[in-house]
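Novice: Structure of the sequence below:
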Amino acid sequence: MKNLHLPTAWMLAALLLFPLASSGSDSVALIESSGAGSVNWTEGYIEAKGIGAPPEKYYGKPNARPLAMRAAKLDALRNILEVINGVRVDSTTLVRDFTIQSDLIRTEVEGMVRGAQDVDTQYMSDGTVEMVMRVPLHGGFSEILLPKDIQQVGSITTAVAPKQDAGIYTGLVVDARGLNARPAMAPKVVDENGQEVYGSAFVSREFAVQQGMSGYAKAIEAAEKNERVTDNPMTVKGLKTEGPGRCDIVVSNADASRVRNAAEHLSFMKKCRVMIVVD
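Specialist: Numbering: from 1, shown residues only. Now for the predicted structure:
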């Protein structure tokens, strides 16, 4: 009789384990919370929640819900703008710095916010509405804010002859765990002498705008398997961060040399095939 219950026990064990595996995969996304919103650096979007209620005199009337939805949307848009202003463009500059300096950029950013998409709306029993709205981090937003010195890059040839054992690498993974590193739209990787290994001078604008200059993850395994770096990425360890924003990663001169000697390093950098792992 005991054997009859064995398959059932295995099924129950599988059902218990499956949700744990699923929730574990969600935990590798790098999500930076800010006020009533957040930046998902792994998936590439900014979102915020808004809460709205109808004026008291409209309680119980047909137009109560539309008024509450409008109030929730306006609140969500205000919160998204607040989150956006705190996004790091590079190690020294926030989006807020650009919008203060340029009326044009401020107008363009506000236009992007007005185009935010409603991704979740909840209707509460007390008549209030909670609405989550989202703006992509890439595309038009990146076009506005990425450094203007990032230009289209044509076909490039490797300046340094590759070592025979270097292999053909398809991307770069920078392990910056334990360094209190922070994500940014335009990060840099430099060697111990301060010479740039990866940054705006290495990428083509079309790729930087479409997908960002680098992807971010919280787990090294997730970064190495990310489709951005495809099948055979090179992994290097960060030594420390540079800059007030802690967004630029310093790697050893030996690792910098490995990157520079990789047979296809200029090609995968042009296409922004870089992942950075932070805590």
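Novice: what about the chain, any weak spots by pLDDT?
Specialist: Low-confidence segments of the chain (pLDDT under 70): 1-27, 152-167, 263-265.
Novice: May I ask you to name the longest strand in the chain?
Specialist: In the chain, assigned by DSSP state E, the strand with the most residues is strand 233-242.
Novice: Report the contact partners of Phe207.
Specialist: 270-272 (C-beta atoms under 8 Å, 6 or more residues apart in numbering). All C-beta atoms are positioned from the backbone trio N, CA, C, and that covers glycine.
Novice: Would you double-check that it falls in a helix?
Specialist: Yes: judged by DSSP: H, G, I helix; E, B strand; the rest coil, Phe207 forms part of a helix.
Novice: returning to what we had before: write the PyMOL selection for whichever of the contacts of Phe207 are buried.
Specialist: To isolate the buried ones among these in PyMOL, judged by 16 or more other C-beta atoms under 10 Å, type:
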select buried, resi 270+271+272
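Novice: Among the contacts of Phe207, which ones are in helices?
Specialist: Lys270 (DSSP state H).
Novice: Pick the one among the contacts of Phe207 closest to Asp103.
Specialist: Cys272 (29.9 Å; C-beta to C-beta).
Novice: The spatially most central residue of the chain and Glu32: what is the separation?
Specialist: Of all residues in the chain, the one closest to the mean position by C-alpha atoms, centre = their mean is Trp41, 1.7 Å from it. From Trp41 over to Glu32 the distance is 6 Å, taken as C-beta to C-beta, to the nearest Å.
Novice: Need phi/psi at Leu74.
Specialist: Main-chain torsions, Leu74, degrees, to the nearest 10: phi -60, psi -40.
Novice: I figured it was touching Gly52, is that so?
Specialist: Yes: contact status for Leu74 versus Gly52: in contact at 7.2 Å, counting by C-beta atoms under 8 Å.
Novice: So those two - more neighbours on which side?
Specialist: Taking other C-beta atoms under 10 Å, Leu74 and Gly52 do not tie; Gly52 has more neighbours (20 against 13).
Novice: And the strands in the protein?
Specialist: Under DSSP E, the chain gives strands at 31-34, 37-40, 45-52, 117-123, 129-136, 171-175, 189-190, 196-198, 215-217, 233-242, 248-251, 274-277.
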